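Pasting the sequence and the predicted model now:
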Amino acid sequence: MKKKQIITYVITIIIVYAVWYILSLILGSSILPDPVSVFIQGFREIRERSFWEHVMSSTFRIITGLFIAFFTATPLGLLLGSNDKLDRLFSPLIYLGYPVPKIVLMPIIFVIFGLGDTAKIVLITMIIFFQLLITTRDAARTIDKEVIYSLRSLGSRQWDFYRHVVWPVSLPGIFTSLRIVTGTSIAVLFFVESIGTNMGLGYYIIDAWGRADYTTMFVGIIALSTIGIVIYEIFDLLERKVCRWKKV
């Protein structure tokens with residue numbers, strides 16, 4: 001991370017917490033706890049084993065969902081984006097399936113898979129699958145046809161085509177999609193953990209809210225946001241390392 005970026009992040013954090021503190025003074029600490037109180041409570045919570053159990057449970061669910069969605073949607077997106085015949089064949093299914101709000105299928109998924117981790121991971125995977133698929137397919141579509149014809153004239157195999165052309169060309173779009181679905185998966189995670197479970201940061205936040213313990217609630221919000229920020233920054237760092245040929 002460059003020095004200018006670090007300075008920008010620091011300034012942004014200072015501004016956010018300054019605004020937070022001012023709003024706390026205006027609205028009252030009973031409605032919006034001030035950041036100092038939240039951080040003090042946060043230091044108390046991180047000493048508790050139960051808090052880290054919530055963090056690890058949420059992290060496991062979101063990482064697993066991202067992993068499954070990536071290794072299913074990305075290869076399919078690369079294949080469809082570089083093969084017009086297959087794309088025309090599957091496009092109707094994609095256009096019919098993508099607009100359907102997958103979150104409304106939650107009761108059915110809970111009935112089939114139960115209330116444990118499996119159902120939550122399945123729902124996260126379903127929702128971000130199509131976002132990854134469509135973005136990857138569109139990235140693969142940007143390959144110039146002349147490049148394809150040139151490779152075929154040189155006698156390259158289909159595997160060489162995907163390895164040396166489709167994959168590198170599509171990587172920036174794939175990483176962009178991964179950063180986008182990180183935010184989506186965090187939102188879905190919070191929703192599914194607020195229903196029918198007693199473990200995870202979503203439950204932790206809703207439980208504190210129900211007890212009107214707003215300071216603890218904000219600790220959970222910051223913890224969940226931190227997971228999203230860390231995953232986002234990991235994808236950003238990976239893009240810089242893998243796509244050195246591209247200015248990012």
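It's in. Residues are numbered from 1 along each chain as shown.

how about residue 197, what does it touch?
Counting by C-beta atoms under 8 Å, 6 or more residues apart in numbering, residue 197 touches 115, 120, 203. From N, CA and C alone the C-beta is placed, and that goes for glycine too.

roughly how far apart are residue 176 and residue 170?
Distance from residue 176 to residue 170, counting by C-beta to C-beta, to the nearest Å: 10 Å.

Neighbour count: those two, which is higher?
residue 170 (26 against 16; other C-beta atoms under 10 Å).

Just the element for that one, please.
Taking DSSP states H and E as the definition, residue 170 sits inside helix 167-193.

Repeat that for residue 130.
Residue 130 belongs to helix 117-140, assigned by DSSP H and E.

What is that helix packed up against?
With contacts taken as 3 or more C-beta pairs under 8 Å, 6 or more residues apart in numbering; DSSP states H and E, helix 117-140 sits against helix 49-81, helix 84-97, helix 106-113, helix 167-193.

Quick check: which of those is buried the most?
Stretch with highest mean neighbour count among those: helix 167-193 (a mean of 20; mean count of other C-beta atoms under 10 Å).

centre of the chain versus that one, how much separation?
Per C-alpha atoms, centre = their mean, to the nearest Å, the displacement of helix 167-193 from the mean C-alpha position of its chain is 4 Å.

same thing with stretch 195-210?
In terms of C-alpha atoms, centre = their mean, the centre of stretch 195-210 is set 20 Å apart from its chain centre.

among the helices and strands of this protein, which one scores worst on average pLDDT?
Least confident helix or strand of the chain, by mean pLDDT, DSSP states H and E, is helix 145-153 with a mean of 60.

The helix holding residue 170: what's the following helix or strand?
As assigned by DSSP H and E, the chain's next helix or strand after helix 167-193 is helix 201-210.

the inter-axis angle of the next helix or strand along the chain from that next one versus helix 49-81?
The first helix or strand that comes after helix 201-210 along the chain, using DSSP H and E, is helix 214-242. Using axes from the mean of the first three to the mean of the last three C-alpha atoms, to 10 degrees, the inter-axis angle of helix 214-242 relative to helix 49-81 is 40 degrees.

host element of residue 25?
helix 3-27.

what about residue 36, which helix or strand?
Per DSSP H and E: helix 35-45 holds residue 36.

Pull out the buried positions in that helix.
Of all the residues in helix 35-45, those buried under the rule 16 or more other C-beta atoms under 10 Å are 35, 38-39, 41-42, 45.

Please name every helix or strand in contact with it.
Helix 35-45 sits against helix 3-27, helix 214-242, with contacts defined as 3+ C-beta pairs under 8 Å, 6+ apart.

how about low-confidence regions in the protein?
Scanning the chain with the threshold set as pLDDT under 70 gives 1-3, 143-165, 245-248.

let's see it at 50
248 (pLDDT under 50).

what's near enough to touch residue 177?
Residue 177 neighbours (C-beta under 8 Å, 6+ apart): 131-132, 135-136.

gap between it and residue 228?
Distance, residue 177 to residue 228, using C-beta to C-beta: 15 Å.

Right, I'll call it a day here.
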